[in-house]
Every structure is written in C-alpha cells, then in structure tokens.
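Novice: take this sequence and fold it.
(2 chains)
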2 protein chains.
Amino acid sequence: MIYCSNCGQQVTYRTPPDDDRPRYCCESCGAIHYQNPKMVVGCIPQAGDKILLCRRAIEPCYGKWTLPAGFLENGETVADGAKRETYEEARARVDILAPYALYNICRVNQIYMMFRAQLKDHNYHAGTESLEVKLFCESEIPWEDIAFRVINATLLQYFTDRPSGHFAFFMGNIE
Amino acid sequence: MIYCSNCGQQVTYRTPPDDDRPRYCCESCGAIHYQNPKMVVGCIPQAGDKILLCRRAIEPCYGKWTLPAGFLENGETVADGAKRETYEEARARVDILAPYALYNICRVNQIYMMFRAQLKDHNYHAGTESLEVKLFCESEIPWEDIAFRVINATLLQYFTDRPSGHFAFFMGNIE
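Specialist: As a prediction, this is how the structure comes out:
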C-alpha cells in the first residue's frame, strides 16, 4: 500500500497512538488501513473410499494436484465458500459434512479452513482453473505431486483419521 | 475504496474478465483490489465454574458485557490472536483448551472463531478497552446486557454443552 484508498494521498507506515504495531496511516484524511489475514476455504470431497483431487491449470504449482479451495468471499459463509470453490474448480456439487481442519499459514497471512464433504453425484469435470479432476483411493494419491504443504497435511490427517471413522476437528500450523 | 492503493488513481467497480463478481479495479495500473471477510478471534476464559467477561469501555455497545475477542492480526495464529485479545481486554493470561465455535456474520463480513480457555491465574484487570472485568457463574450472567448477538450465542452454546462435559466444535450463523 502506497496511496490512501480513501483520499488518494501517500500513506505512511507508522504505529498510531493507542496501537502497538505499525499500520498504513493517511496523514491527509486520517484513515488507518488495517491489514488482516485472509481465509481460504475448501473441502475433501469423498465418494465411497475415494476422494476428488484437481490438477491445477494455473500457477503457482501448475500441473500439481490439490483439494478444491480458495479465498472466502465477502457475504458468504465458510461452508458456502467451500462449496463454491468445489464447484468452480471441479464442477462438483457436494454436501458439507463437517468442519475438519484449520491451518494457520502465518508466513503468508492465510487461515485455511477445510471441510469433509460428500460428492452428490459423479457429474464432475475440470473447471477453468483445473487441467483434470479425478477420484483417488488412498493407495493412488500422488503424494509426490501435491500442490501445497497445507493440502498434503490435510490429506495425511484425513487418511490417519479415516480407519477409526472419528474425524475430530483438527488445528495445525504450516511453518 | 475510491483510489488505487498501488498508484493513487481512481478505481472503478466492475467485474473483471474471468471473474464472476465486481471488484475495485484500477484502469491505470491494472491492480485488482480484492476484499475479503475478516476473522475475529476470542475465547471463553474459565476458572472453576465461572467465566470471565469484560464490560466494554468503547463503542459500539459501551457499558455492555462481552467475551474478550478482536480482529486477528497478520502473522499470528488464531489461538495466539485469541490469547492476545484476552490479555489486551482483560489483562488475563489463558491457556487455550480447544477451538469451540465458528460463527459466520455475513452481513458485516466477519468470521468469529471462539476458543475455550483456562484462566492461568487471577491477576486479571481491565485493559484500556474495558471498564471492568469480572468472573461470573452461570446464574450471574447479565443476559440482558451482553454486547453482541454472537457473544450471546457463544455463551448459550457453552452453558448448553457444559453439563455433559462434551464441547463439540460448533458452527453457526448470525443473521
């Protein structure tokens, strides 16, 4: 941030009075521009003993496999955001089963919230951000070609929990 | 948003190509300014059969009681944010026990994440944003003077769950 989005003048980066960390402050109109983490929401779409992965058609990690997930939009619930991303990336319709995992990725100011979900039918296909979309059983997961560490962690946790049938809400950090 | 924070020119509000909703777009430098929900993190600090509430010294809801909570900051985990807010508002140190409730407040683009927490000692006192800080048992909760509906909902859920000793992670919407 270089210019004030409210009045167009240059901002300074300083700690306001009564605050304890630097913010982008406009000395012209007085606006303080707070910046906060963004939520990424997604799901593990399951169908029988398989789960649906998407192969990315965009950077970063072009060609790698991922779970459907993306930035939560204004005006939507976390569950609705996860369903929307699943439709956008995999053209798949899901029922959200339960919140499953929250990951802090402090380095990039992102909080991931992943749900378990049930695929409603098999009418899925690649959305514009995916090269292909495919169901995998555990032994087929392309562990060497997973797009992001947070997706790897989510999948590992899922396959660790699955034999017990007990999926407690999980919280973790991606360093 | 009126001006581009990147180049200082006026932005327009339109749907970019390959997108499905309007964004603040700079026609001068090409920047697209996405706006996303913010996370509010807080906790229910417990000590024996009592919980700690803060009476607000700031608007909105000046003079009303609330649980310690506030906006998650860049670079911190959701649990660390909840601990920080508890210290800022109640000068209380807590151990986070477990994530407890997530509330979508779509109308104001906020996602609340509340934790159960254990008060570490009784050296708490009002921070600058609180008039007073006090332990309440269930029968003493000032239900008529709770600051926000999301706090009311969190407290109701907590006292509903407490007799069973089983606090499953809960997700709800504040309309």
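Novice: contacts, neighbours, all on C-alpha from now
Specialist: Fine.
Novice: contacts only, for A:Glu175.
Specialist: Taking Cα atoms under 8 Å, 6 or more residues apart in numbering or on different chains, we find A:Glu175 in contact with A:Ile105, A:Cys106, A:Arg107.
Novice: now A:Ile174, nearest residue through space, not along the chain?
Specialist: Residue nearest to A:Ile174 in three dimensions, not counting chain neighbours: A:Ile105, with 5.1 Å by Cα to Cα, 6 or more residues apart in numbering or on different chains.
Novice: what does the pLDDT read for that neighbour?
Specialist: pLDDT, A:Ile105: 98.
Novice: burial check on A:Leu67, number of neighbours?
Specialist: A:Leu67: 29 surrounding residues under other Cα atoms under 10 Å in any protein chain shown.
Novice: chain A against chain B: which residues are in contact?
Specialist: A:1-10, A:35-39, A:71-78, A:104-109, A:169, A:173 (Cα under 8 Å from any Cα of the partner chain).
Novice: buried among these? Make that a ChimeraX selection.
Specialist: Restricted to buried positions by 16 or more other Cα atoms under 10 Å in any protein chain shown, the ChimeraX selection for the residues of chain A next to chain B reads:
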select /A:1,2,3,4,5,6,7,8,9,10,36,37,38,39,71,72,73,74,75,76,77,78,104,105,106,109,169
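Novice: need the contacts of A:Glu175 in CSV (columns: distance to B:Pro16).
Specialist: Formatted as CSV, those follow (distance: Cα to Cα, whole Å):
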residue, distance to B:Pro16
A:Ile105, 28
A:Cys106, 29
A:Arg107, 28
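Novice: and which of those residues is nearest to chain B?
Specialist: Relative to chain B, the closest of the contacts of A:Glu175 is A:Cys106; by Cα to the nearest Cα it sits at 4.6 Å.
Novice: contact partners for A:Gly63?
Specialist: A:Gly63 sits next to A:Arg55, A:Arg56, A:Ala57, A:Leu131 when contact means Cα under 8 Å, 6+ apart.
Novice: so of those, which ones are in strands?
Specialist: Among these, the ones falling in strands (DSSP state E) are A:Arg55, A:Arg56, A:Leu131.
Novice: what pLDDT does the second one get?
Specialist: When you say that, I think you mean A:Arg56. On pLDDT, A:Arg56 comes in at 98.
Novice: check contacts around it.
Specialist: So, once contact is read as Cα under 8 Å, 6+ apart, A:Arg56 ends up touching A:Tyr62, A:Gly63, A:Lys64, A:Trp65, A:Thr66, A:Glu129, A:Ser130, A:Leu131, A:Glu132, A:Ala147.
Novice: ok, and the closest non-adjacent residue to A:Thr128?
Specialist: Distances taken as Cα to Cα, 6+ apart place A:Glu89 nearest to A:Thr128, at 6.8 Å, with adjacent residues excluded.
Novice: repeat that for A:Ile32.
Specialist: Nearest non-adjacent residue to A:Ile32 (Cα to Cα, 6+ apart): A:Cys25, at 4.6 Å.
Novice: what helices and strands are in contact with the one helix or strand A:Val40 maps to?
Specialist: Secondary structure assignment for A:Val40, by DSSP states H and E: strand A:38-47. For strand A:38-47, the packing partners by 3 or more Cα pairs under 8 Å, 6 or more residues apart in numbering or on different chains; DSSP states H and E come out as strand A:50-56, strand A:69-71, helix A:78-90, strand A:110-119, strand B:38-47.
Novice: from the rest of the structure, what touches the shortest one?
Specialist: Translated: strand A:69-71. Contacts of strand A:69-71 (Cα under 8 Å, 6+ apart): A:Lys38, A:Met39, A:Val40, A:Val41, A:Gly42, A:Cys43, A:Gly81, A:Ala82, A:Glu85, A:Thr86, B:Asn36.
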